[in-house]
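Colleague: Quick one, what's the 3D model for this:
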Amino acid sequence: MKLLNVEVVLDKAIHPAEYKSKVLVELDDKSTDYAILSHRWGTDSEVSYEEMVGLMKMEEQEREEVGNRYGYEKIIKSCEQAKEDGYKWLWIDTCCIDKRSSAELSEAINAMYRWYQNAQVCYAYLNDVDESVFPTKQDEKWVKSSYWPEWFKRGWTLQELIAPKQVEFFNKDWVPIGNKQRLAPTLTDITKIPRDVLAHGLAGKRLSVAQIMSWAAERETTREEDRAYSLMGLFGVKMPMLYGEGKNAFRRLQLKIIKGTGDHSIFAWDPWMPRTGSVLAEDPNDFRGCGGIRKVEPDEFGDKLAEYIELYRLGNPWNIQRNDRRISTNPIHLCRVAWLRWRARSLSQQLRTFTVSNAGIQVCLPVIPLPDSPSHFRAILPCTYGGLATVDLVSSGSSFDRIPYSLTTLKAYPEFKTLHLTHHQDVNEKRREFTLDDKCALHHGFIRCGTYPHEFRGRAVTLSSLTDGLVVTVYANKNARSRFGVGLGYYRGQGWLHVVCDERFPTQDEDWAVFGWRAYDRMWEARAKHAQSMPKREHVHHNDHFTKHAHLPRSIWAARVVWGMWDMDDFKVMVDVEQCLGCCDGPYRWTTTDSDCGDIGVLGLMKTVRGWHSLELDGWEACFEKCSGQRVALGDYGDYSDGVLTRAGNIFEDMRTLGIDSEDTTSSPVVSHVSGWEQGMCDMRNQGNVAVAHSVVGDRHLALRQPKGISLPAHDSIVLLLKALSIRLAGKHLVTTIIQCSEFYEVDKDGKRSDSGNDLVSDSVDPSIEAGMLTSLCIIASPQVWRRYLPCVQRRERFKSIREHFYALVNMRQLTGPEAHH
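Modeller: The predicted model follows:
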């Protein structure tokens, strides 16, 4: 290691002209007495190796700039303290490593724990402590570092606290404020490191991997990879530095630890973490709260396993209660437990042996199948935090992926199995995307409050196919004190959707997250039932949509959700708030909605009227109605029956009435290229600018000259307009697309003209129609937000009976009251 010559550094600072000796000397850390510095790096103020070596060769102005740096002052103060303590040599990480050499940097990082361990004293410089005593309580001035000095938040300082035999703490003015031995109780409170580890180091301690990892939780490093590299010395492993690999560095560290230990606690990180796939943690934060986990040796694992079986009443124990103990009276159960205890002892070598390969981490563990799925298991680990730790797994081919802990009642006996645990993230994981369209829900005073347990931005959230993922979106109307939650979940490979209404009467100040937590907990407990109750697609090549109607208590509103699944099995959900007739079927019944739009696009779901003429608009096939004998304009709405739309109005007229600029680009109709079936007709091949609308019944097709498709724009403003008109236009139909042409006529199957069809006229209301153009075809649809379902007759009759009974009681009360005597 390269050490600073304390005398030379201080002499150089006082007499720079007489500087001749080397400031840095290569020495052996095992045979040299030296001090070492632990500190928090400053931003662009530290002195590097090349600057320290070449200081005397610099121009005077440059040398003065380096000498005025905060980092140079730390070097001088450290050297002064080392000289005062009688040390000739000092090591500081900023200037004693030539970081231009990747080989030297890698060697230094791999040896750093040993260097701190072999130092006679470590100076821990706390640059954000002003007081002359060590802080013993949290303070808001350190809010960014968990209310303790920032030194305790950094990743590298963990080994710098544990490894040295002696650590002296200094405040920002280099006043000594205590040492590691005297401050051990306070240091344990801050770092959660046991006192005997602080006093005597890691040697000879029966510490679990999870316990050591827990000390690094919440600590930070400037480079992501350093979260792993700073822990190598604590576990006695070495590996090359690959800056740029990101989180893979921590994965490599864990694999190195696994190869060198038989400690299963490395798999015992947070079982509730909503992450699936690899059994390895993503970073040290996953081990938060694991400080109490200890290893269970193979010779005691059998007894612990027997205790686990009795605790959870696995198998068929036939217990009797005697005082505070349950005693099994089933001889078969007793024999089975005894055999498992013997089996654990006989497999002691396999239990402590790990094999790492591309197929996974091979381990031998007792596993219990979960009752609700044959592919899901709970593996029991030889480590304990009071009771044996467990991890939930799902079989995926020849390997097992980790999944979050499942609240379920175990029944079967454990069985020892050899498993290959996945250590590559996302190897067997399949992800499904839920697209949430809730524009129409943000009406009638309702707002989207947020999502629980974590926020997702935009319209989509991705859940894993291996985990019981769940996200709840909360909507509320504060004035009406009404709110509901929509849960999007994935359970055992099945996507599901459910609505929960707030039965309570929330206060004005009650946080929405409280209801979100209750709704999440309620849906999580019933996720298996919700997944099983989801409707199934009946047609492979069609888009099935299903709707659920949930009345919101104490209000005139109902939440309606529409569910669809398509596009490589991704899920799409539309949420709406509508007026409720009060006679709905209840919140738990799925019904099919006759919507055939292939996407929940900006116009939402539409049920198009079946047309008999087929064309392509910009390459997309669509079926059209013939506009025979009636004026039809884009945006017309009204009652539709037997092929006739009785016009009641036009949305562009309504926009002008409402003061909305219909000429705005977001409201302008979309023009599409029209193509048809003319290429297959002999007499139409040489006809320029003519498209043939194929008739799906009969041989009378429609030829269109200079056709142009015009559709309602794909924009949120139109969706919100349709929603705003939904109460007034309930049950109406809407013209969403028209085909304009200069001439149209009927042709036979060969393209021969048979009759003229120019009996249509343009509608002057439509701003998109040009002079001399005819509207020949159109698409008429029923918007989902305009649709109203008939109330349940039985519920209506029941409500009527309740009202009559109520008023009868009121009348009886009035007749028998005080007024009856007058």
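Colleague: And L720, how far from H443?
Modeller: Here the criterion is C-beta to C-beta, to the nearest Å. By it, L720 lies 8 Å from H443. For glycine as for every other residue, the C-beta is placed from the backbone atoms N, C-alpha and C.
Colleague: R313 now?
Modeller: 52 Å.
Colleague: repeat for S101
Modeller: 65 Å.
Colleague: same deal with G659?
Modeller: With C-beta to C-beta as the criterion, G659 and H443 are 18 Å apart.
Colleague: So between those two, which is more surrounded?
Modeller: Neighbour count, other C-beta atoms under 10 Å: between G659 and H443, H443 has more, with 18 against 6.
Colleague: Would you agree the more buried one is in contact with Q579?
Modeller: No: using C-beta atoms under 8 Å, H443 makes no contact with Q579, being 10.3 Å away.
Colleague: And the helices in the stretch 1-150 of the chain, which stretches?
Modeller: In the stretch 1-150 of the chain, the helices defined using DSSP state H, counting those that start in this stretch lie at 6-14, 49-53, 60-67, 70-84, 102-118.
Colleague: Out of these, the one nearest L340 is which?
Modeller: L340 lies closest to helix 102-118 among these, at 40.6 Å (C-beta to C-beta).
Colleague: Quick one: mean pLDDT for the closest one?
Modeller: For helix 102-118, the mean per-residue pLDDT is 95.
Colleague: buried set for stretch 646-665?
Modeller: For stretch 646-665, burial by neighbour count (16 or more other C-beta atoms under 10 Å) applies to 647, 649-652, 654-655, 660, 662.
Colleague: Send over it as PDB, restricted to the C-alpha atoms.
Modeller: The C-alpha coordinates for stretch 646-665 follow below in PDB (Å, rounded to 0.1, in the frame of the first residue of the first chain):
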ATOM      1  CA  THR A 646     -83.700   9.800 -36.100                       C
ATOM      2  CA  ARG A 647     -81.400  12.800 -35.700                       C
ATOM      3  CA  ALA A 648     -81.700  14.700 -32.400                       C
ATOM      4  CA  GLY A 649     -78.600  16.800 -32.700                       C
ATOM      5  CA  ASN A 650     -74.900  17.000 -33.500                       C
ATOM      6  CA  ILE A 651     -71.900  17.200 -31.100                       C
ATOM      7  CA  PHE A 652     -70.200  19.900 -33.200                       C
ATOM      8  CA  GLU A 653     -73.400  22.000 -32.700                       C
ATOM      9  CA  ASP A 654     -73.300  21.300 -29.000                       C
ATOM     10  CA  MET A 655     -69.600  22.300 -28.900                       C
ATOM     11  CA  ARG A 656     -70.500  25.700 -30.300                       C
ATOM     12  CA  THR A 657     -73.400  26.000 -27.900                       C
ATOM     13  CA  LEU A 658     -71.100  25.200 -25.000                       C
ATOM     14  CA  GLY A 659     -68.500  27.700 -26.200                       C
ATOM     15  CA  ILE A 660     -66.000  25.100 -27.300                       C
ATOM     16  CA  ASP A 661     -64.000  25.900 -30.400                       C
ATOM     17  CA  SER A 662     -65.000  23.200 -32.800                       C
ATOM     18  CA  GLU A 663     -62.300  24.500 -35.200                       C
ATOM     19  CA  ASP A 664     -59.500  23.600 -32.800                       C
ATOM     20  CA  THR A 665     -57.000  21.100 -34.100                       C
END
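Colleague: what sits up against it?
Modeller: 631, 633-640, 667, 712, 717-718, 721-722, 725, 729, 732, 734, 765-767 (C-beta atoms under 8 Å, 6 or more residues apart in numbering).
Colleague: same deal with stretch 194-213?
Modeller: By C-beta under 8 Å, 6+ apart, the residues outside stretch 194-213 that reach it are 117, 161-163, 165, 180-181, 184-185, 187-188, 231, 234-235, 257, 261, 263, 265-266, 268-269, 281, 284, 287, 290-295, 383.
Colleague: Report the beta-bridge partner residues of V577.
Modeller: Using DSSP bridges, the beta-bridge partners of V577 come out as A559.
Colleague: from what I can see it touches A558, true?
Modeller: Yes: between V577 and A558 there is a contact at 7.3 Å, judged by C-beta under 8 Å.
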